[in-house]
Every structure is written in structure tokens, then in C-alpha cells.
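Colleague: let's see this in three dimensions:
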Amino acid sequence: MPLSALDFLLVSKKSEINGLKQLLQMGKLVGEISQLVHVLQRERGTANIYLCSQGKTWGNRLDEKTLDVQLAEQRVHKQLLELDPSGSGLSNASRLFSRIAAFLHSLSTLPLLRKQVQDLTISQPEAMLQYCEVIRTHLALIFEAADSSGDPLISRSLLAMFSFMQGKELAGQERALGAAGFAACNFDDHTQQQLLDLIEGQERCFQTFSEFADIRCVALWQERLIMNNSEFERLRRVACTLVSPIGQPQEMALRWFELTTTRIDGMKEVEDLLETILMECCSQRILDAETSRERQEKEIVLIPVHDNHYSALIPPQLSRSILELVEQQSRQLQAQDTELAELRSTLADNKLVERAKGLLIQHHGMTEPQAHKTLRDTAMKQNKKLVEVAEAIISVAAVLGKTIP
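Modeller: Down below sits the predicted model:
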């Protein structure tokens, strides 16, 4: 018996549901990576204080922070096992799985880094760079997840979460850099410029977050900004403007660390709400799709057959019903495609910029804010868009045989 239009409508809807379920699993993975990044940032902060004090402060906390990271890693691995290795329902699954491989490799570098920190055989700046590179690889996986989503609402949620996590990571780097400066009782011009770049980078990330996030997340973030500690702002101004020695080094460094940690913990509350809303979005989309499929199944009418061929014409009223279902699903898919196309344009531009920054970080030893500033300054000098400069850098790197992140 030949397959009918309704048969293929149901196949289409089932395919959509399977894809949404895969996105739900990806959302769970992103949530666990969010927690992993948070505890990694705490481990980095503890290691930073330990190294700045030459092993005199917080040595007893290193093992505790390491255990937190290892437990978070186990939860991530559990979610990875739940992913469909075929990549069904995910666009550009090849790059996504490549990002997962890079993410797992970055985790394998942590044991040696921890031993070097414990033995005081690595400098604070070098340890900072290595921790930042691991976290950058984690964030790149979340960005790839946003780009692999075929659903515009879920893509927006993932992009908002990536942008906020990136801003939170820059806040973590500001915490570490400031702690080192206060511990040394000095902020030179280079350090102050780095701090200013980190502050500007945070503002940029949080602006992107505000454009794509649910209004509940934006409202919570605004509350956290209003609650921001005035003492933190005072110490931030000191760090960005003062060159001469200041205060008692250990007390100042620990107080700065305490204030910035409170600020970052507040960011984690926003991050957790972003994760909750992402899960709600995935679950609601699945529910809507399943409800639509059930409605379509009720429209199926068995048509009499004889000798495996249709023996009766479809009644006009049934023909109209099928046509309405086809048109309804086509309109829905077209609306999604239009919204997704607009979002894809933004994601494509962001991806080029992120890849160009990755090249500058990997091959020129820049930090993320420095790489972004280099791209922005070059774009201004050449009167070009940021994405055009990023494309040019990627093209040159390809010609020179440089590894492109």
C-alpha cells in the first residue's frame, strides 16, 4: 500500500521530536559543564592565592577544590554517555563532537598542572594561562552546542548561556589578576590595562547575554548588579589607577578575593536560572511537538484498499483536512527556518570572531580580552567590520598551515 501524505507528516513530526530530545540531552550536558567550569574557576582561584603566597596560604584547600572538580567531571562523563553518537537532530554534529574531544583532552592536562602548583614548580601567570585555556575549551563546547541546535528558541537560550558564562569567566580572570596585584602590593601599567580589558570584555559579554536571554534572567542579573558591593568597586578603582605599594599584601589580596568570589557566586545564580530555563524550553518544545503529533494521528483515516492499490478516491473534505495539516506544518517549519536563519547569521559571525580570537590566543599568547581588543582595533584602523577582520586572520592562518581552533 503506498504511503500517504499523513504518513510522512507523522514521520516529520517524529523526527522533530527525536531531534528535540537530543537537544534536551545536550542541554543537560551544558548544565553539567556549567557546574564544572564554576568549580574549575574556584580551583584556579585557590591555586592563584597559593602560588602568590609562595605556598603559605590555602595549601590545605587545594585537595578539596580538586575533588570538587573531579566529581563534576564524573557528572559530565555521565551525560556524555547519554548522547546519541549519530548526532541525530544536531546540525554540524561533526564539529560538536570534535569540540567534545578537545574538551576531554583539556581535562587530561589537569593532573600535571595540579602537581606543578602543589610543588610550586610553576609560576602564577603560567598556571593562570593553563587554567584559562582549559576553561576556554569548555566554553567553546557550549558555543558549538548553540550552533548545532536546529531550534531557534533553544539556540537563543544556549547563546545567552554561553555569553554569560564567558563574562563570568572574565570576572574570574579579573579576580585572579587583582589578587596577584594586591599580593604584590603593586599594579603596573600592563596589569592595569589587562584589568581594564577584562572589565570591558565583561560588559560586552553581558550585553550579548541581555539581547538573547529570557527576561527573568535579565531581571535577576540587574538585581545582582544593584546589590554589587561598593567595597568591590572601590578596590577595583584602586587596582586600575594606583601604581604605588598599598596596604598589607596578604590581607588586601584575601579581601579582594572574598569580594570578587561573592560577586561570581551571584553570577552563578543567574547561570543556574539560565540552565533551568533552557531545560524548560527543551521540555516545552518536546511537549508541543508530541501534542501536535497526537493531533495528526487522530486525523489518519484508513482508506479501503484492494490488491494493494487504492480502490477509493479520498473524499474532498478529507483531502482539504490533509492539505490544511500539510500547510500548517509547512508554515511552522518556515517560521522556524526564518528565525533560525537570522540567529544563524549572528552565530556564524560570532563563530568567526571566536575562531580568530582562538588563533591569537593559541599562537600569540594573548588573553581573550587582548585578542578581542586586537581584532576591534584592527577593524577600526582598517574601517572594516569585526567579522571581516576575523575572516582575514582565519584565511591567513589556513595559508600558513596554522591550526584553527
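
Colleague: just the helices in this structure please.
Modeller: Along the chain, counting by DSSP state H, helices occupy 5-52, 62-82, 93-108, 110-118, 124-148, 152-184, 189-212, 215-226, 230-241, 249-298, 316-364, 368-382, 386-399.

Colleague: let me know which of those helices is tucked in deepest.
Modeller: Highest mean neighbour count of the helices of the chain: helix 152-184, a mean of 24 (counted as mean count of other C-beta atoms under 10 Å). The way it works is simple: take the backbone N, C-alpha and C, and place the C-beta from them, glycine included.

Colleague: that older thread, export the helices of the chain to JSON lines and tack on mean pLDDT?
Modeller: Output for the helices of the chain, formatted as JSON lines (pLDDT from 0 to 100):
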{"stretch": "helix 5-52", "mean pLDDT": "85"}
{"stretch": "helix 62-82", "mean pLDDT": "95"}
{"stretch": "helix 93-108", "mean pLDDT": "90"}
{"stretch": "helix 110-118", "mean pLDDT": "96"}
{"stretch": "helix 124-148", "mean pLDDT": "89"}
{"stretch": "helix 152-184", "mean pLDDT": "90"}
{"stretch": "helix 189-212", "mean pLDDT": "91"}
{"stretch": "helix 215-226", "mean pLDDT": "91"}
{"stretch": "helix 230-241", "mean pLDDT": "89"}
{"stretch": "helix 249-298", "mean pLDDT": "88"}
{"stretch": "helix 316-364", "mean pLDDT": "65"}
{"stretch": "helix 368-382", "mean pLDDT": "83"}
{"stretch": "helix 386-399", "mean pLDDT": "78"}
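
Colleague: what residue spans form the domains of this structure?
Modeller: What automatic domain parsing lists as the domains of the chain is 20-284, 350-405.

Colleague: any chance of the ones you listed in a markdown table, plus distance to T291?
Modeller: Shown next, in a markdown table, are the domains of the chain (distance: least, C-beta to C-beta, whole Å):
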| stretch | distance to T291 |
| --- | --- |
| domain 20-284 | 10 |
| domain 350-405 | 33 |
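
Colleague: wait, which of the ones you listed is closest to R293?
Modeller: domain 20-284 (11.4 Å; C-beta to C-beta).

Colleague: any idea how far apart the tips of the closest one sit?
Modeller: The first residue of domain 20-284 is 10 Å away from its last residue (C-alpha to C-alpha, to the nearest Å).

Colleague: enumerate every residue touching the spatially most central residue of the chain.
Modeller: The centre of the chain sits closest to F162, judged by C-alpha atoms, centre = their mean, with a distance of 2.7 Å. If a contact means C-beta atoms under 8 Å, 6 or more residues apart in numbering, then F162 has 139, 142-143, 146 as its contacts.

Colleague: show me the two of those residues that sit farthest apart.
Modeller: Between all members of those, the farthest pair (by C-beta to C-beta) comes out as L139 and A146, at 10.9 Å.

Colleague: quick check: D63 vs Q70, distance?
Modeller: Distance, D63 to Q70, by C-beta to C-beta, to the nearest Å: 10 Å.

Colleague: hmm, I typed the wrong one, I wanted F212.
Modeller: In this structure, F212 and Q70 are 32 Å apart, going by C-beta to C-beta.

Colleague: so V117 makes contact with N48?
Modeller: No: using C-beta atoms under 8 Å, V117 is not in contact with N48; the gap is 9.2 Å.

Colleague: got any residues that touch both of these two?
Modeller: A127.

Colleague: once you drop chain neighbours, what's closest to L153?
Modeller: Once flanking residues are discounted, L153 sits nearest to C281: 5.4 Å by C-beta to C-beta, 6 or more residues apart in numbering.
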